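Chemist: got a predicted model here, sequence first, then my questions.
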Amino acid sequence: MVKECRVAPCAHGIVYFSPAGSTRKVAFTIEERLKGLEQSVTVFDLSLGMQEVNAQIIAFCSQSGPCCLWIGSPVYADHAVPLVEACLRQLPAAEEQYGVPFVTWGGVTSGLALADMGEILQQQGYLLLGATKVLAQHSSMWGAEQPLAQGHPGKEDLDKVNLLVEQVVNKLKQPVKETLAPDVLEYLSPALRADAAGKNLAVAKASRPPLAADPDKCTSCGTCEECCPVQAITMDKVPIVGDSCVLCMQCVQHCPEQAFPYDHVTTASKIEAMAVASDEEKETAVFV
Ligand SMILES: Cc1cc2nc3c(=O)[nH]c(=O)nc-3n(C[C@H](O)[C@H](O)[C@H](O)COP(=O)(O)O)c2cc1C
């Protein structure tokens with residue numbers, strides 16, 4: 001008779017940040033598949049108030065028994081969004097805990113985002129069970145005629161995500177013997193790695209004028225304040241954009257008066273040129 005090897009059930013937590021909705025779509029796909037596999041799942045949306053949500057995540061990871069944290073970020077300037085990295089850095093040290101980083105990227109390059117997230121998770125004591133970089137429409141190109149990666153993530157991308165979920169759950173059915181080697185996430189060519197290392201959100205912010213609404217167009221309606229996922233906007237007569245802005249451009253996109261100046265044509269051509277300069281294959285990939 002074959003003796004069944006029993007392991008304690010694992011609690012799954014999904015943490016994500018998603019100004020434009022693609023990372024949320026992936027997070028929901030993971031949630032649905034985990035539920036379909038009768039796993040226990042808790043979802044944390046980092047845009048619902050950073051401090052409060054971070055405290056909930058720490059409490060979740062500190063409970064007894066194994067847990068698996070799926071953590072998702074958009075790629076911004078070749079990296080995960082800094083607030084997602086900050087969330088990872090404050091995870092409690094773990095003995096039997098697992099991590100699965102996932103990113104969505106707009107067809108330019110996924111940069112160092114997955115490698116960095118994987119490294120931080122490991123530093124916190126989380127064993128990597130898998131990872132994925134999911135192609136998604138470039139969120140800075142909502143006004144472009146043909147946004148990069150339009151139509152993504154679509155069924156094929158999400159099928160790959162579902163497969164990853166199944167593989168991770170299978171790994172957790174037995175005592176975990178094999179985890180993801182960290183160097184698997186260092187898939188960029190040396191030239192692209194070097195290029196990505198010099199980029200980040202702070203550099204991108206420093207290289208452009210701060211976001212500001214035209215006072216002649218702004219009606220102080222507060223839409224920008226409501227849709228800001230990092231609560232960076234306070235309303236005076238016009239919106240004041242604070243330092244926590246991550247350049248997601250939700251305020252610009254949703255302003256009913258188009259009061260924030262935005263040059264769609266120049267932005268699109270810069271992004272397209274960067275995509276051409278990168279030799280990373282423009283597709284969703286899964287690492288297990
Ligand atoms: C400020 C900013 C920087 C971005 N940088 C990159 C990048 O370096 N590489 C890339 O492929 N896409 C980049 N994108 C596109 C996003 O990574 C992509 O659209 C992502 O799916 C957005 O996630 P969300 O829909 O969950 O907000 C960037 C978007 C923004 C707003």
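Modeler: It's in. What you see is a predicted model, and the numbers here were worked out from it, not measured in a lab.
Chemist: show me the shaky parts of the stretch 1-150 of the chain.
Modeler: 1-6 (pLDDT under 70).
Chemist: the ligand versus the residue nearest to residue 282 when sequence neighbours are not counted, what's the distance?
Modeler: Nearest non-adjacent residue to residue 282, counting by C-beta to C-beta, 6 or more residues apart in numbering: residue 107, 4.9 Å away. Glycine gets a C-beta too; all of them are placed from N, C-alpha and C. Residue 107 sits 5 Å away from the ligand, taking C-beta to the nearest ligand atom, to the nearest Å as the criterion.
Chemist: residue 107: which element?
Modeler: In this structure, residue 107 is located outside every helix and strand according to DSSP states H and E.
Chemist: and it, how many neighbours?
Modeler: Counted with other C-beta atoms under 10 Å, residues neighbouring residue 107 total 23.
Chemist: check residue 119 too.
Modeler: By the criterion of other C-beta under 10 Å, residue 119 has 18 neighbours.
Chemist: checking residue 34 next. Helix, strand or coil?
Modeler: What DSSP: H, G, I helix; E, B strand; the rest coil gives for residue 34 is helix.
Chemist: tell me how far it lies from the ligand.
Modeler: In terms of C-beta to the nearest ligand atom, residue 34 sits 19 Å off from the ligand.
Chemist: residue 165: how many residues sit nearby?
Modeler: 24.
Chemist: quickly list the domain ranges of this structure.
Modeler: 11-189+282-287, 201-277 (automatic domain parsing).
Chemist: hey, which of the ones you listed is tucked in deepest?
Modeler: domain 11-189+282-287 (a mean of 19; mean count of other C-beta atoms under 10 Å).
Chemist: run the chain-centre distance for that one.
Modeler: The chain centroid and the centroid of domain 11-189+282-287 are separated by 6 Å under C-alpha atoms, centre = their mean, to the nearest Å.
Chemist: element containing residue 122, please.
Modeler: Using DSSP H and E, residue 122 falls in helix 113-123.
Chemist: now do the strands in the protein.
Modeler: Assigned by DSSP state E, the chain shows strands spanning 11-16, 40-45, 67-76, 79-80, 97-105, 126-128, 131-135, 233-235, 239-241, 285-287.
Chemist: format those strands as CSV; extra columns: distance to residue 52.
Modeler: Converted to CSV, the strands of the chain look like this (distance: least, C-beta to C-beta, whole Å):
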stretch, distance to residue 52
strand 11-16, 13
strand 40-45, 10
strand 67-76, 17
strand 79-80, 21
strand 97-105, 22
strand 126-128, 22
strand 131-135, 27
strand 233-235, 19
strand 239-241, 22
strand 285-287, 32
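Chemist: thinking again about what came up before, as a markdown table, the domains of the chain with distance to residue 195 would be great.
Modeler: Below are the domains of the chain laid out as a markdown table (distance: least, C-beta to C-beta, whole Å):
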| stretch | distance to residue 195 |
| --- | --- |
| domain 11-189+282-287 | 8 |
| domain 201-277 | 8 |
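Chemist: name the helices or strands packed onto the helix holding residue 122?
Modeler: Counting contacts by 3 or more C-beta pairs under 8 Å, 6 or more residues apart in numbering; DSSP states H and E, helix 113-123 is packed against strand 67-76, strand 79-80, helix 82-89, strand 97-105, strand 126-128, strand 131-135.
Chemist: alpha carbons of the first one, as CSV, please.
Modeler: Spelled out, it's strand 67-76. The C-alpha trace of strand 67-76 is given here as CSV (Å, rounded to 0.1, in the frame of the first residue of the first chain):
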residue,chain,number,x,y,z
CYS,A,67,1.3,30.4,3.8
CYS,A,68,2.0,31.2,0.1
LEU,A,69,2.1,34.9,-0.9
TRP,A,70,1.4,35.8,-4.5
ILE,A,71,2.5,39.3,-5.0
GLY,A,72,1.8,41.4,-8.1
SER,A,73,3.1,44.7,-9.4
PRO,A,74,3.1,46.5,-12.7
VAL,A,75,6.5,47.1,-14.2
TYR,A,76,7.3,50.8,-13.9
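Chemist: hang on, the earlier thing: could the strands of the chain go into a markdown table alongside distance to the ligand?
Modeler: Formatted as a markdown table, the strands of the chain follow (distance: least, C-beta to the nearest ligand atom, whole Å):
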| stretch | distance to the ligand |
| --- | --- |
| strand 11-16 | 8 |
| strand 40-45 | 11 |
| strand 67-76 | 3 |
| strand 79-80 | 8 |
| strand 97-105 | 3 |
| strand 126-128 | 21 |
| strand 131-135 | 8 |
| strand 233-235 | 16 |
| strand 239-241 | 14 |
| strand 285-287 | 13 |
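Chemist: done for today, thanks.
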